[in-house]
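*Asks:* next input, structure requested:
(chains A and B)
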Protein chains: 2
Amino acid sequence: MTSTRQSYNQELEALRQEISDMGTRVEQAIDQAVASLVARDFELARSVMAGDDYIDDMENEIEDKCIVLIARQQPLARDLRIISTGLKITTDLERVGDHAFDIAKITLSIGNEPLIKPLIDIPRMSAMAQAMLKDSLVAYINLDITLAEQVCADDDAVDDLYAHVLRELLTCMITDPTTINQATNLLFVARYLERVADHATNIAEWVIYLVTGHRMRKN
Amino acid sequence: MTSTRQSYNQELEALRQEISDMGTRVEQAIDQAVASLVARDFELARSVMAGDDYIDDMENEIEDKCIVLIARQQPLARDLRIISTGLKITTDLERVGDHAFDIAKITLSIGNEPLIKPLIDIPRMSAMAQAMLKDSLVAYINLDITLAEQVCADDDAVDDLYAHVLRELLTCMITDPTTINQATNLLFVARYLERVADHATNIAEWVIYLVTGHRMRKN
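*Replies:* The predicted structure follows:
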């Protein structure tokens, strides 16, 4: 019985580690997708796009493990919340992976045409969203509610920057209609990064639910 | 034991019914959001936005029931797949609800300014995405793999229409830069509807997984 318990705890630990690894992986995917856009590195963009299948596989594997763990072990309240939160977190991480894919695709779509403006705010948004993602996963691993609350608070700064980028790109388009195609693409990139920050916020909210049992309101 | 088994089957049936109800609800939300845009009905847009909390609550309730059912009943392989698929489907449905919210918000943002063109393709995209959503849930309830495969096939038509709308709106912007603000908003609406169809496709893919045990490749 003790050894069963021990193996169960090990499985639970392994599960949390895998979720954390998936987090690191999608964070890198976002980082590389934005880097590919800034550097016009099509090879890098293609490698981000190719890597999305691996992220999808990670999600499926983690989900299968969660379900099996719940079904086989009938975990108690807190463990059950840890595992079911894991299920939710992987869905958010998989969507972040999709956004990395979408951004990398835009890198290829813009191709070699000159950028309509130096990319400064988009990499900044990306760095902020990545930091939130990393923090939200540390909060999950350590059940750190203070850090989770910080992530939720950080989302406002990303939203503000998104609104700023949006205004700037619209101004670009209005001033010079030849920029419309690219500006629209960059507008989508900004929107995807804003969504990445939302996913990090979702994860932080799951952690708060996990620890306190109270759900936060989304949107 | 028989009565426990009976009550378990009833709970499982109730769960599937609730998921189907949530599907009907988000389908209506998309329908009303697009109707509010076409009719400039700000009251309707606000009611869609207010209704999003209810959809989030539905998601949370269904998820809690899924987890409790898995933990308490240790369901066998097929039932376990039905329940874990339910968990995934609600996440997709909740995202559809978010897109209804986003579209309704755009109705308010466009306000009373004249539309840059009659809205024809956007309501068409919406109708197609709604039909896919409805079919994907019927496929889930009846475990109808043929219908699920049909939903996956239907997604191409929505993608084609999205590409068409995108080109048309970009042309609008280039021809008349005063349309840029509204065209960008409509471009987001089209993107959200294209995502709704993707979520319906995800649901159909979960149904195929449920019945066959084989996962389909996303993206």
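*Asks:* and the longest helix for chain A?
*Replies:* helix A:2-39 (DSSP state H).
*Asks:* for the following helix or strand past that helix, buried residues please.
*Replies:* Following helix A:2-39 in sequence order, the next helix or strand is helix A:42-73 (DSSP states H and E). Residues of helix A:42-73 classed as buried by neighbour count (16 or more other C-beta atoms under 10 Å in any protein chain shown): A:44-45, A:48-49, A:51-52, A:55-56, A:58-59, A:62-63, A:65-67, A:69-71, A:73. C-betas here are computed from N, CA, C, even on glycine.
*Asks:* what helices or strands is the longest helix of chain A leaning on?
*Replies:* helix A:42-73, helix A:77-110, helix A:121-142, helix A:180-212 (3 or more C-beta pairs under 8 Å, 6 or more residues apart in numbering or on different chains; DSSP states H and E).
*Asks:* format those helices as CSV; extra columns: distance to chain B and mean pLDDT.
*Replies:* Output for these, formatted as CSV (distance: least, C-beta to the nearest C-beta, whole Å; pLDDT from 0 to 100):
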stretch, distance to chain B, mean pLDDT
helix A:42-73, 5, 92
helix A:77-110, 5, 92
helix A:121-142, 17, 97
helix A:180-212, 5, 94
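*Asks:* ok, residue A:212 - how many residues close by?
*Replies:* Neighbour count of residue A:212, defined by other C-beta atoms under 10 Å in any protein chain shown: 11.
*Asks:* nearest spatial neighbour of it, skipping sequence neighbours?
*Replies:* The shortest distance from residue A:212 to any non-neighbouring residue, by C-beta to C-beta, 6 or more residues apart in numbering or on different chains, is to residue A:145 (7.0 Å).
*Asks:* quickly note the distance from the one you found to residue A:24.
*Replies:* As for residue A:145, its distance to residue A:24 is 22 Å (criterion: C-beta to C-beta, to the nearest Å).
*Asks:* got the contact list for residue A:214?
*Replies:* By C-beta atoms under 8 Å, 6 or more residues apart in numbering or on different chains, residue A:214 lies in contact with residue A:208.
*Asks:* dump the C-alpha coordinates for stretch A:40-53 into PDB.
*Replies:* Provided in PDB are the C-alpha atoms of stretch A:40-53 (Å, rounded to 0.1, in the frame of the first residue of the first chain):
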ATOM      1  CA  ARG A  40      13.000  37.500 -41.300                       C
ATOM      2  CA  ASP A  41      14.300  34.000 -40.500                       C
ATOM      3  CA  PHE A  42      12.100  31.700 -42.700                       C
ATOM      4  CA  GLU A  43      13.900  28.600 -41.600                       C
ATOM      5  CA  LEU A  44      13.100  29.400 -38.000                       C
ATOM      6  CA  ALA A  45       9.500  30.100 -38.800                       C
ATOM      7  CA  ARG A  46       9.200  26.800 -40.600                       C
ATOM      8  CA  SER A  47      10.700  25.000 -37.600                       C
ATOM      9  CA  VAL A  48       8.200  26.600 -35.300                       C
ATOM     10  CA  MET A  49       5.400  25.500 -37.500                       C
ATOM     11  CA  ALA A  50       6.800  22.000 -37.800                       C
ATOM     12  CA  GLY A  51       7.100  21.900 -34.000                       C
ATOM     13  CA  ASP A  52       3.400  22.400 -33.400                       C
ATOM     14  CA  ASP A  53       2.600  18.700 -33.900                       C
END
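*Asks:* I figured residue A:52 hits residue A:29, correct?
*Replies:* Yes: counting by C-beta atoms under 8 Å, residue A:29 is a contact partner of residue A:52 at 7.5 Å.
*Asks:* so what sits against both of these two?
*Replies:* Residues touching both residue A:52 and residue A:29 (C-beta under 8 Å, 6+ apart): A:97, A:100-101.
*Asks:* for the helices and strands packed on helix A:2-39, give me a markdown table that also has distance to residue A:13.
*Replies:* Output for those, formatted as a markdown table (distance: least, C-beta to C-beta, whole Å):
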| stretch | distance to residue A:13 |
| --- | --- |
| helix A:42-73 | 11 |
| helix A:77-110 | 10 |
| helix A:121-142 | 10 |
| helix A:180-212 | 16 |
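*Asks:* how close does the residue most central in space within chain A get to residue A:185?
*Replies:* For chain A, residue A:96 is the residue whose C-alpha lies nearest the centre (C-alpha atoms, centre = their mean; 3.8 Å). Noted for residue A:96: a distance of 19 Å to residue A:185, by C-beta to C-beta.
*Asks:* for residue A:38, same thing?
*Replies:* According to C-beta to C-beta, residue A:38 stands 14 Å off from residue A:185.
*Asks:* out of those two, which sits in the more crowded spot?
*Replies:* residue A:185 (18 against 15).
*Asks:* and the residue lying closest to the more buried one once chain neighbours are set aside, how many neighbours?
*Replies:* Excluding its sequence neighbours, the residue lying closest to residue A:185 (C-beta to C-beta, 6+ apart) is residue A:106, at 4.8 Å. Neighbour count of residue A:106, defined by other C-beta under 10 Å: 19.
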